[in-house]
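**Student:** This is a predicted model, with the sequence first.
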Amino acid sequence: MSKPLVIPVDQYLHPSLPDVWFGVVMFALAMYVVLDGFDFGIGMLYATREDDHDRETLLAAFGPIWDANEVWLIAFGTMTLAAFPDVYSRLLADNYLIALGFVLALLFRGVGPELREQREDEQWQRACDWSFVGGSILAPFLFGVLAGSWVFSVGAISLPAILTGVGLVAVSAATGAAFLAAKTGPALAEEMRDLGIVATLAYLGGVVVLLAVVIWTDAGGAASTILSVPGVAIVGLSVVAGVAGIVLALRDRYRAWLGFALALPVLLSLLVALLLYPEIYPATASGTALTVEMAVVSPLALNLTTILGFPVLLVVLWYFKFLYSVFSGPIESEGYGA
Amino acid sequence: MEPPSQLFDVAFGAGAPLDGTALFLPAEFASRVQFGWTISVHILFAALSIGLAPFIVYFTWKAIRTDRDRYERLRSFWLKVFAVGFVMGTVTGIPMSFQFGTNFPQFSAVAGELIGGPLAFEAKMAFFLEAVFLGVLLFGRERVSDRTYFLSSVLTGFGAWLSGFWILVVNAWMQTPQGYEMITRNGMEVAQLTDPIAAFFTPRMTWMYVHMINASVIAVALLVAGVAAYIIWKKRDAKAWQTALKIAVLILIVAAPLQAVHGDAYGRHVEDTQPQKFAAMEGHYETGTADLHLFAIPTSTDAIMDPSEENLFAISLPRVGSFLASGGDFDAVVKGLDEYEQNPPVPLVFWSFRFMVGLGFLFIGLAFWGGYLIYRDRLSDSSLYLKLMIAASPLGYAALLTGWYVTEIGRQPWVIQDVLKTSEAVSSTLSSTEATASLVAFVVIYIGLVLAALYTLRWLIEGELRELGVEESPNDHWYGPIPELPGVGNDE
Ligand code: HDD
Ligand code: HEM
Ligand code: HEM
């Protein structure tokens, strides 16, 4: 066995590297929930638009960015596989139908808009619209159920998991509305504002119900974590961000509203991380609980993914800056303005 | 002839499902069929991106540089195809990576440390690159400079080639694993990475990468040629499409012979590293000297199911198999399939291999004939050639798929050669109800997806013909009688 490169073989680059990777995986999850979240929101709000001009505006907003956003899901998945393979296999095997249902919902969401523009035929376009809207609602719901089933370890068909799914749908609608309000003309923005406020209230209400259920049933032993200082802080901040967003929206300050709206899915991901850590996969029928330390790969593998992967991750963040600056202008039905 | 259930027995071992009693398929069987089916569809789109990338770069370059309408036309047409293919590649790719966890969790747990890294690099280095710059390529023509625009086409194509690289690192490791050590983690025997360079650059890696990239280029060149031939068929003087046909044929002249030469050497490498698979490719059952079958046809229906020597009419080079295997000894003993406990389904492997190789030689023929026609400057005037190229447009894909069937099915019963059996890799918690339900969903939805892709291509071609001013008339189907070629010299 040759000694490869200069990468340490027997110990992690830093003793806390496994924990850092837990953070990296959660970061990718947050990026996904935030970025694809407003894509889902656009898809849901699309259903409320009757007028063809409005619909094309929404599709123009969605077109250039959704695919890059969706890659964060793959980054989340593959980095989990690379750092915590047992978590990847158990999470997906334990939630077989939910996981595959979710990717199929993503499939419908993705192909709908692409196929729609290929043919000027009303029935065809209606079918594609259904695919887009249906996928945009079902995907965040099932992803939320998957996350809920992971965190609370009470199975996918349970109140906590289903409420997490509903919460993710609501928060996606809220961020989608804020994104569109910030990026479209005044007429559309006003309607987005009203819908966004409803969605934000629904989300906050949903979170309260979810937490009440979780504390009441102590699902996955989560009650004490939620009632701890960081738990209460995250929930409190969510309420503050939600209310601040609503106030700003009512004053037509859409860009600032978008900022606060995007804080909601970030805080939600933070809550997921808090509820899991230091475990990364709770005990289920498929086996005992795994802590970060137990699930992590060996030092050489993790060191290598760190040294090769981190610079690339920085480049990726630069890509996103570039992409969003190219498409930074206000959106018209023909595409992004100057 | 054997009853069809026999085929499944041969293909999937004992416990095959067609005993007529069970309503749901066994979870292992359903998982394997599902994985094979979904990757077969995914790879169609992946190969489209890989093979089309150089065309897109070239057309974009020429469109910017020469201002000639014909390149702008080709750029915009094929970019639309690329965009649709890319979306389909994306939405079918995500289920692929999920199935590692949903259907083959033991595989993910055992090999995660080895394959997770490359898969994560693929996402971070390749998918992001491709997705971001394709966004610019599709929606940013007016928003960025010519230079940035051209660069976006290069980076998009590079992303496609890079994602092929990383995914094949994974697959090549599964064929010829090295750079690892088995350890126990959480009570399970798993592979631990010990030498990353050995693990990433396995013996199979470069073979596979060259062969796969070249196969994608061939498949797409045939597709481009077929579409061009069809449009020329309808409209003789479509300048842009004459150019496209010529470029595609020139690419084939290089790529098709290269594939055969490379494939021949590749075969010997497989023989060295996976002798059991090679024996299945050659239908070599008994240990002893081996002949090399250049060409084989079944002499009875039995031979289809059981392609062994006595059942075939074959043109063989006696003992050349031994010669090749040993590197120079005609009498060398080659291990036959009889010596292994469990074998891959030989007929599938044997006939898939012959199908691929046969098509490979057909492509060489088509390429050289096209070269001759270019030399005589009548590439767009030979009705027969146009017809053949239209008919051949899906065949590159057929060769690509069957080549993969050789690789993947020939490796059975192993999912990681000599390390992990497929039967040990599948989920132990998966019920046959769930597995059957998802299989049915994937079959139905993916058939819809492939049809949608084919219809889209058809609509794009119809749109192009409309723009070229071609009227639809009922009697000029390409498979109909050879039409008069108005205005153009039909013969020399
Ligand atoms: C256009 C498609 C195409 C064409 C024309 C050919 N191949 Fe191929 N072949 C493939 C597409 C392909 C592939 C992309 O499907 C495979 C599967 C894995 C790989 O690396 O490439 C493959 C694999 C593959 C293997 C390895 C199987 C394994 O890994 O077990 C061999 C030995 C050959 N090919 C040999 C040939 C020969 C002798 C050809 C003669 C003309 C040929 N191929 C043409
Ligand atoms: C990195 C790339 C790939 C990986 C990691 C991979 C992995 C796997 C796995 C885990 C299985 C299931 C076990 C089995 O039944 O063999 C499988 C089977 C299969 N794969 Fe691959 N594969 C890859 C590429 C491909 C490609 C490109 C194709 C092309 C079509 C393909 C075709 C198949 C088929 C047809 C089966 C079913 C074989 C059978 O059930 O007997 N694979 N592969
Ligand atoms: C089991 C094996 C495979 C897995 C898990 C897998 C996974 C994926 C995923 C997740 C995507 C979506 C990326 C995006 O959103 O942009 C994707 C796309 C892609 N895959 Fe695969 N893939 C597999 C096999 C292959 C093979 C064998 C090739 C070719 C050698 C390939 C080439 C590509 C390419 C070029 C894309 C970009 C999308 C496109 O251009 O169509 N993949 N793959």
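**Tutor:** Yep, it's here. Ligands and ions are numbered 1, 2, ... in the order given.
**Student:** Okay, and the closest residue in space to residue A:297 that isn't next to it in sequence sits in which element?
**Tutor:** Counting by Cβ to Cβ, 6 or more residues apart in numbering or on different chains, residue B:113 is the residue found nearest to residue A:297 once chain neighbours are left out, at 4.4 Å. The C-beta positions use only the backbone N, C-alpha and C, and glycine is treated the same way. Assessed by DSSP states H and E, residue B:113 sits inside helix B:105-121.
**Student:** and that helix, anywhere near ligand 2?
**Tutor:** Yes: Helix B:105-121 is in contact with ligand 2 by Cβ under 6 Å from any ligand atom, via residue B:107.
**Student:** That helix: what's the following helix or strand?
**Tutor:** Using DSSP H and E, the first helix or strand after helix B:105-121 is helix B:128-139.
**Student:** other SSEs contacting that following helix?
**Tutor:** With contacts defined as 3 or more Cβ pairs under 8 Å, 6 or more residues apart in numbering or on different chains; DSSP states H and E, the secondary structure elements packing on helix B:128-139 are helix A:66-83, helix A:299-326, helix B:69-102, helix B:146-175.
**Student:** Select, out of the ones you listed, the one closest to ligand 1.
**Tutor:** Nearest to ligand 1, of all these, is helix B:146-175, at 6.3 Å by Cβ to the nearest ligand atom.
**Student:** Give me the helices and strands touching the closest one, please.
**Tutor:** helix B:27-66, helix B:105-121, helix B:128-139, helix B:196-200, helix B:203-234, strand B:414-416.
**Student:** Report the angle between it and helix B:105-121.
**Tutor:** Inter-element angle recorded for helix B:146-175 and helix B:105-121: 150 degrees (by axes from the mean of the first three to the mean of the last three Cα atoms, to 10 degrees).
**Student:** List the buried residues of helix B:146-175.
**Tutor:** Using 16 or more other Cβ atoms under 10 Å in any protein chain shown as the test for burial, helix B:146-175 gives B:149-153, B:155-175.
**Student:** now do stretch B:348-366
**Tutor:** Applying 16+ other Cβ under 10 Å to stretch B:348-366 flags B:348-357, B:359-360, B:363-364, B:366 as buried.
**Student:** One more: stretch A:19-33?
**Tutor:** A:19-22, A:24-33.
**Student:** repeat for stretch B:215-222
**Tutor:** For stretch B:215-222, by 16+ other Cβ under 10 Å, it's B:215-222.
**Student:** with those residues in mind, which one is nearest to residue B:92?
**Tutor:** residue B:216 (15.8 Å; Cβ to Cβ).
**Student:** I figured that closest one was touching residue B:50, is that so?
**Tutor:** Yes: taking contacts as Cβ atoms under 8 Å, residue B:216 lies within contact range of residue B:50: 4.0 Å.
**Student:** which neighbours do the two share?
**Tutor:** Common neighbours of residue B:216 and residue B:50 (criterion: Cβ atoms under 8 Å, 6 or more residues apart in numbering or on different chains): residue B:164.
**Student:** neighbours around residue B:342, how many?
**Tutor:** Residue B:342: 12 surrounding residues under other Cβ atoms under 10 Å in any protein chain shown.
**Student:** hang on, isn't it packed against residue B:411?
**Tutor:** No: judged on Cβ under 8 Å, residue B:342 makes no contact with residue B:411 at a distance of 12.0 Å.
**Student:** which sections of the stretch 201-350 of chain B are below the confidence cut-off?
**Tutor:** Across the stretch 201-350 of chain B, the ranges flagged by pLDDT under 70 are B:283-341, B:343.
**Student:** all helices of it, in order?
**Tutor:** Ranges of helices within the stretch 201-350 of chain B are B:203-234, B:239-273, B:275-282, B:301-305, B:320-326, B:346-375, based on DSSP state H, counting those that start in this stretch.
**Student:** For the residue in the stretch 51-200 of chain A positioned nearest to chain B, the count of nearby residues, please.
**Tutor:** Nearest residue of the stretch 51-200 of chain A to chain B (Cβ to the nearest Cβ) works out as residue A:85 at 2.3 Å. If you count neighbours by other Cβ under 10 Å, residue A:85 ends up with 30.
**Student:** For it, list the residues it contacts.
**Tutor:** A:295, A:297, B:108-109, B:111-113, B:116, B:190 are the contacts of residue A:85 under Cβ under 8 Å, 6+ apart.
**Student:** Let me see the confidence value for it.
**Tutor:** We have a pLDDT of 92 for residue A:85.
**Student:** Next up, phi/psi of the residue of the stretch 151-300 of chain A found nearest ligand 2, please.
**Tutor:** Closest residue of the stretch 151-300 of chain A to ligand 2, Cβ to the nearest ligand atom: residue A:297 (17.8 Å). Torsion angles at residue A:297 (phi, psi; degrees, to the nearest 10) stand at phi -70, psi 180.
**Student:** Just put the buried residues of stretch A:19-33 in a markdown table and tack on secondary structure and pLDDT.
**Tutor:** Listed next are those as a markdown table, based on DSSP: H, G, I helix; E, B strand; the rest coil; pLDDT from 0 to 100:
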| residue | secondary structure | pLDDT |
| --- | --- | --- |
| A:19 | helix | 89 |
| A:20 | helix | 91 |
| A:21 | helix | 92 |
| A:22 | helix | 93 |
| A:24 | helix | 93 |
| A:25 | helix | 94 |
| A:26 | helix | 94 |
| A:27 | helix | 94 |
| A:28 | helix | 94 |
| A:29 | helix | 95 |
| A:30 | helix | 94 |
| A:31 | helix | 93 |
| A:32 | helix | 95 |
| A:33 | helix | 95 |
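**Student:** ok now do residue A:253, which residues does it touch?
**Tutor:** Contacts of residue A:253 (Cβ under 8 Å, 6+ apart): none.
**Student:** Now for residue B:75, how many residues are close by?
**Tutor:** Residue B:75: 24 neighbours (other Cβ under 10 Å).
**Student:** pLDDT wise, what is the residue nearest to it when sequence neighbours are not counted at?
**Tutor:** Spatial nearest neighbour of residue B:75, excluding adjacent residues (Cβ to Cβ, 6+ apart): residue B:59 at 4.0 Å. Residue B:59 is assigned 92 on the pLDDT scale.
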